[in-house]
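Asker: No letters, just coordinates:
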């Protein structure tokens, strides 16, 4: 199913992109962890390497010796089957191995993976390498979301990097008018078709009944969300789920006030935004991003609409997406969602109203790899579509991302839907 | 739709049952609150009364004066639209009004409700009275679950009441063999049909696609669950959702160990069980109860099966339930689920694998009453079928109960399902 | 050292006063515990009984059988040597034994103590009975402080009892002018002299060097403290210990704001005060009470003075106290500190600047009784002098009470001192 | 009082030592903060610089412009009078300024301090420079204690630096036999005499009465403490203060078990010790270190002795210390307390039984500098004598260090005393 030569090339290119993303960092930045969810950049670099070492090299490269005995637990994220993962919230305490040592670890594993890839590999190994590459691509987006959060806690609000010149608008053509796009009721197929790579949670492909619905042709913008803020939306309990309302009543020490999206500078009226390029004025036509599920859901209620279910979203995406409409993606070197894009794939993740649960007949992968997705099917909501920070080849219409409803540090926005 | 005469009679009978349930209590017991979720008995007595005063008497009985100005906030549970509810976790601090004073409050409201019910009432009022009665029935089950939890924290393990003589087996005929009952794939209708009373969250009636499935003819027993415990089920991460596994690793001060269902006395091998009648030996053929969603789900995985979705459950219940098979219910004065019952309605609540979410086209009721159900649609799972502590007229195939996945103090068991 | 006849009389009178204090309570009030520190009234009644049962009846009354096997742990406060004390913060969950059952327990133990006291008892037993009586007197004051706190958490602010008619001013003659009373430098003796009863922490009597100092002839009043509040004292860090300042920046859920003494109704300008007789206007000339150490210390700094050390306080008290000047005490049936009293013994506890530490050569009592005082000598400050809620015979110049610096629910005020 | 020339020299030498201590660090190590108390090395480097900039350059160097406007709050530790200190527990999140930028900040301030020191400075400025140097010396010891703690949380247990060759024993001559040294009762003077530099908390010099006492000629060793551990000392409540005992019953996630001193590797029998030079076998004759006050106090009780008061300690130190007996100190480049030293100054800090309170007549310095010591006089105990990590010129017999009783990450041991 995969040609080793091109696989070797893809391997090199994926692995190298992770390091490129870290180039703008100072050595001081590599270890930052401002909350348990936001892992240090160096940890991502090591963990993705550990994945190949543990699941590919050790079982499939004859005579492979483990690079460092302590790395086995230190860089295990959550796989109970293969050891005792180091406590997640304490990853920021691992000043050693240094980032230099982690780059050496990467280089070593890359060399041995190259050795493995020069010889014909069995299907099992190839499937794991493929999985490892998608795993690393997932972490590429996390490297950006986590760096952004970790740097944002510094009152000096440092940028990850300066804006790449000329990259202001790499999105598709402008949408001037948003439209409601209608879909008929009936039985639809959703889920991955197994021809191309997919994660286990996208399978099996199966039927769902959908009532008639409409979905917006573009996501909600900052300007629209600002109207909700200015209409007192954060002070009207009727728009909010109970758990979201309770969160609003709390004040966390050292946390920004919660009456606007994350990274809007306090007092949104000032219209300043913290981005990966530092603080800049907010544009009213750019998509709103860094919303919790609670905020997305409250906005939708205020707008007399609702979030789409993940099945509705997927049916719409299959109808609407295509190379011409998609993007921007990580390779476009845009550092924030762009205005004017109506793409369902790329630009900004979209909250759906679906809880993250197994599809009918879902079977996790066998072995430790089966811990990848299935054990998190509880108290999370599904996000669809990827963002400007998602690698181009990593996203598809059936892709299911998931976060707890309070999470805001991902590039999460929304697209409205409604019953008709 | 409702005849006032019979409504007056039902009103009296429902209201009186709440007080009957509290008869075995000492004055000292009425105020107990051992955790935020387990409200004091006297609070339940007052809150259900407040519901009628606030939503029926004040708007619909001309000239009605509020009984006590402070009760308005003290006995508001969570309705933000009608005031500032008193902090839930501090309900146990309300020694005043005393239980005697609360009984006087009940008597006053009952008298004025009787006044209202002697004259013809409009549809809006009748609907609210109906809702208030179902609301009070819900709290009747909560009175028992909360009393059980609150008394259980006393090392002396006092009983709520002695076993009612002769009431050991009021369930339907014995089931000797459990069978798998099969259902074909296709489009099914689920949800309430609006002919009889239902809560807003059971509507609208709508279509779902279901793949073929089988469901067990009876719930899982203590003996079966004990096998899971003895097979080390609580120590094998592969059966557990990540969040459930993390909970198992914690030890809460003052809490029973978590390696068996709630109310199994520590070290399950001893086979002692705390019930509403005090401590007694566990019977292997009685249904297991007081499981969290995590435990129910882990057991199902260990048994190479799964939990049913709520749609599957409802389709099966519509096919299988009927007066002959249902029960036991609260009126049967059984104080614990009975062995040998295969009923889908009554005996023991059953966890489903469905997150508690709005049905397509869901609209909450208008006004404060709309806070009843909709705002909790997040991070909870659906339970179906009612228990021995549910009033007989209160449960139906479309009824959706919901609790967070870690909750164990309700009478929650499980019935297995599987794909075919 | 003690005559049994009069001891029997004192025993009866002390034991009976505890019950008198609880007479105004409803059954609903007996079990209230609004914070771990504020034990339920019924727990106090049981624990003081347990003390006599455990330390006197079991070792010294031949053939005495334990009254109830579970009471041994349930009513043990903190004596690790004699079992596993029930978790302090969960005492409010003990609805059983009911208060009726606890009164029966008291009656039983009182009868058996009477049996013991009708025969000649050895010195060891007599010393323990004496200790038990002082222990119960200590709990009498705690019954009042805890009831006050526990009732105060109810928004209806119920009174413990109505004011006893004619008891407004049982204090000594008015003080119109407060004076500074001077003491010379030199070596002084402090501590108990062992002629009368004292706790182990008051011994041994020993010498201290004191520099010249002056102490105020009366405690600080509400009017004076109000000036500090109105001068913005709670917003000026320079008056506050760092730990106290940090506490002020916190807001505890369900807690009154912290910018005035406990029990001043929010927004002190309104001048309302919660007392054991309910809410009433504050009098400017009554002593300020329910201060934390942090508040007392901050006030003293604002007033260009300081708190006395416990040695200074004791030297002054020995010079100044005497029946004519002391009081009011618990037997006076005053329910709040009175204005115009300059007494060092009675009326209001006074914070000293001394940490609670062992005197040179301190030896705790042998056995479990040795846990009474010594193990708390850490992170607490010494209070001196007793209050209107202290039994008359229970207080003396050498008496050392102690609380953590943040505690405010005791009847704690202050008297200024200064260097000269 | 100070000659500018030698002051300039001392300034350079003190400032340079701070940087020398950080030389063994990787860039990744500079920002580590494993608990709120253990600040990052780079923060110490910046804060000590901020101290000179804020309290010396800004007021006393004409035309001095602040180096960077954000540093003012970022590197303020706790001085409320001069701004809003950045949250202590979040110092580890300041990846920017980078350590390179902080070294540049240091260089800039050092240059401008040199400018200031080339001209005659007034007494006020000289006193503040002197204070700033002692302040920086204090932070030199903290740099080591904090680095040790922060590195110790890494399961790889990295060393700060390799042992400096030949530095195993720079302490004074061996003590083979420990003796009890006796002191007579009477009035003694303690406190600083104001001839040399001292902190405000060492003043005023004043009289205390001391009863006869004896003090040990050398601190407690690891071998002796091991006997206490092996005798089950951590499981016998009778040796422990109540608060310390409660701490022992807790298990903090990610924390070493608490049944031996901090940095003894779990299961002390194995006899491995984490030190600034990494893990090595424990020597039985080296002083025990990293004890909490609770542990020191429990050990003393087990050994039928007690801790000295700070007055006793100071009286003994004045009699016993002297260049010949003191040390080792920071300049000796020993990285752990040495065996065989009986010195009261140097080697290991010694817990006293005295709470940290103001001396009679204590006056904090005027202005922000007055926040240095006085506001912490609550819930801390006094430590005396300095350690191997204290700069030689920084310690004296009257020096009062202070930590909360649970603190263990400092180089804290004990010396026994007893009454006679």
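Answerer: Looks like it came in fine. Quick caveat: nothing in here was measured; it's all calculated off a predicted structure.
Asker: Give me every residue in chain A lying close to chain B.
Answerer: Neighbours of chain B within chain A, by Cβ under 8 Å from any Cβ of the partner chain: A:78, A:80-81, A:187, A:206-209, A:211, A:237-238, A:240-245, A:293-294, A:309, A:353-355, A:357-358, A:360-361, A:370, A:375-379, A:405, A:419. C-beta coordinates here come from the backbone N, C-alpha and C atoms, glycine included.
Asker: Got the domain ranges for chain A?
Answerer: A:4-152, A:180-419 (automatic domain parsing).
Asker: Show the average pLDDT along the first one.
Answerer: Mean pLDDT, taken over the full extent of domain A:4-152, equals 95.
Asker: next one: the last one
Answerer: For domain A:180-419, mean pLDDT is 93.
Asker: what does chain A have sitting close to chain D?
Answerer: A:26-32, A:34, A:42, A:70, A:73-74, A:86-87, A:89-90, A:92-99, A:150-151, A:153-156, A:158, A:253-254.
Asker: I'd guess residue A:209 is in a helix, am I close?
Answerer: No: counting by DSSP: H, G, I helix; E, B strand; the rest coil, residue A:209 is not found in a helix; it is strand.
Asker: quick one: contacts for it?
Answerer: A:185, A:186, A:187, A:188, B:187, B:207, B:208, B:209 (Cβ atoms under 8 Å, 6 or more residues apart in numbering or on different chains).
Asker: Repeat the analysis, applying 7 Å as the threshold.
Answerer: Applying Cβ atoms under 7 Å, 6 or more residues apart in numbering or on different chains, one finds that residue A:209 lies in contact with A:187, B:187, B:207, B:208, B:209.
Asker: now swap in residue A:72 and tell me
Answerer: A:66, A:83.
Asker: Sort out which residues of the helix or strand harbouring it are buried, please.
Answerer: Per DSSP states H and E: residue A:72 is located in helix A:71-74. Judged by neighbour count (16 or more other Cβ atoms under 10 Å in any protein chain shown), helix A:71-74 contains these buried residues: A:71, A:72, A:74.
Asker: Export those as a markdown table, with columns for distance to residue B:259.
Answerer: Output for those, formatted as a markdown table (distance: Cβ to Cβ, whole Å):
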| residue | distance to residue B:259 |
| --- | --- |
| A:71 | 32 |
| A:72 | 28 |
| A:74 | 29 |
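Asker: now, which of the contacts of residue A:209 sits nearest chain C?
Answerer: Lowest distance from chain C to these (Cβ to the nearest Cβ) belongs to residue B:208, with 41.8 Å.
Asker: is it true that that closest one touches residue B:186?
Answerer: No: assessed by Cβ atoms under 7 Å, residue B:208 is found out of contact with residue B:186, at 9.9 Å.
Asker: Tell me which of the domains of chain A sits nearest to residue D:19.
Answerer: Closest to residue D:19 of these, according to Cβ to Cβ: domain A:4-152, at 16.7 Å.
Asker: so how far is that closest one from its chain's centroid?
Answerer: Centroid separation for domain A:4-152 versus its chain: 17 Å, with Cα atoms, centre = their mean, to the nearest Å.
Asker: which outside residues touch stretch A:21-36?
Answerer: Residues contacting stretch A:21-36 (Cβ under 7 Å, 6+ apart): A:39-42, A:45, A:88-89, A:91-92, A:94-95, A:99, A:140, A:143-144, A:149-150, A:153, A:160-161, D:27-28, D:30-31, D:93, D:95, D:98-99.
Asker: More neighbours: which of residue B:208 and residue B:186?
Answerer: In terms of neighbours (other Cβ atoms under 10 Å in any protein chain shown), residue B:208 is the more surrounded of residue B:208 and residue B:186; the figures are 20 against 15.
Asker: who's in contact with the spatially closest residue to the more buried one that is not a sequence neighbour?
Answerer: Nearest non-adjacent residue to residue B:208, counting by Cβ to Cβ, 6 or more residues apart in numbering or on different chains: residue B:311, 4.6 Å away. Residue B:311 is in contact with B:188, B:190, B:208, B:210, counting by Cβ under 7 Å, 6+ apart.
Asker: ditto for residue A:108
Answerer: Per Cβ under 7 Å, 6+ apart, neighbours of residue A:108: residue A:67.
Asker: Pretty sure it sits in a helix.
Answerer: Yes: according to three-state DSSP, residue A:108 belongs to a helix.
Asker: residue nearest the centroid of chain A?
Answerer: Chain A has residue A:141 as the residue nearest its centroid, 5.6 Å off, counting by Cα atoms, centre = their mean.
Asker: Kindly list the longest helix within chain A.
Answerer: helix A:123-152 (DSSP state H).
Asker: looking just at contacts, which helices and strands does it meet?
Answerer: The contact analysis (3 or more Cβ pairs under 7 Å, 6 or more residues apart in numbering or on different chains; DSSP states H and E) places helix A:123-152 against helix A:4-22, helix A:41-52.
Asker: Now that helix: buried residues?
Answerer: Buried residues in helix A:123-152, counted by 16+ other Cβ under 10 Å: A:125-152.
Asker: What are the boundaries of the helices in the stretch 151-300 of chain A?
Answerer: Using DSSP state H, counting those that start in this stretch, the helices of the stretch 151-300 of chain A run over residues A:222-230, A:242-249, A:293-302.
Asker: What is the shortest one packed up against?
Answerer: Which is helix A:242-249. Judged by 3+ Cβ pairs under 7 Å, 6+ apart, helix A:242-249 is in contact with helix A:293-302.
Asker: So what angle separates the directions of the helix it packs on and helix A:222-230?
Answerer: Interaxial angle, helix A:293-302 versus helix A:222-230 (axes from the mean of the first three to the mean of the last three Cα atoms, to 10 degrees): 90 degrees.
Asker: ok, residues contacting the biggest strand by length in chain A?
Answerer: As assigned by DSSP state E, the longest strand anywhere in chain A is strand A:349-355. If you take Cβ under 7 Å, 6+ apart as the criterion, strand A:349-355 is touched by A:219, A:293, A:296, A:306-310, A:313, A:381-387, A:401, A:410-415, B:355, B:357.
Asker: from chain A, which residue is nearest to chain B?
Answerer: residue A:355 (3.3 Å).
Asker: count of residues packed around that residue?
Answerer: 23.
Asker: and the gap between it and residue A:72?
Answerer: Remark: distance between residue A:355 and residue A:72 (Cβ to Cβ, to the nearest Å) = 34 Å.
Asker: What subset of the residues of chain A next to chain B is buried?
Answerer: Applying 16+ other Cβ under 10 Å to the residues of chain A next to chain B flags A:80, A:206-209, A:211, A:237-238, A:240-245, A:293-294, A:309, A:353-355, A:357-358, A:360-361, A:370, A:375-379, A:405 as buried.
Asker: so residue A:117 is in which element?
Answerer: Assigned by DSSP H and E, residue A:117 belongs to helix A:99-118.
Asker: Any buried residues in that helix, and which?
Answerer: Those buried within helix A:99-118 under the rule 16+ other Cβ under 10 Å are A:99, A:101, A:102, A:103, A:105, A:106, A:109, A:110, A:112, A:113, A:116, A:117.
Asker: and if you look at stretch A:260-274?
Answerer: Counting neighbours by 16+ other Cβ under 10 Å, the buried set in stretch A:260-274 is A:260, A:261, A:262, A:263, A:264, A:265, A:268, A:272, A:273, A:274.
Asker: Just confirm the first one contacts residue A:229, I think it does.
Answerer: Yes: contact between residue A:260 and residue A:229 holds when scored by Cβ under 7 Å: they sit 5.7 Å apart.
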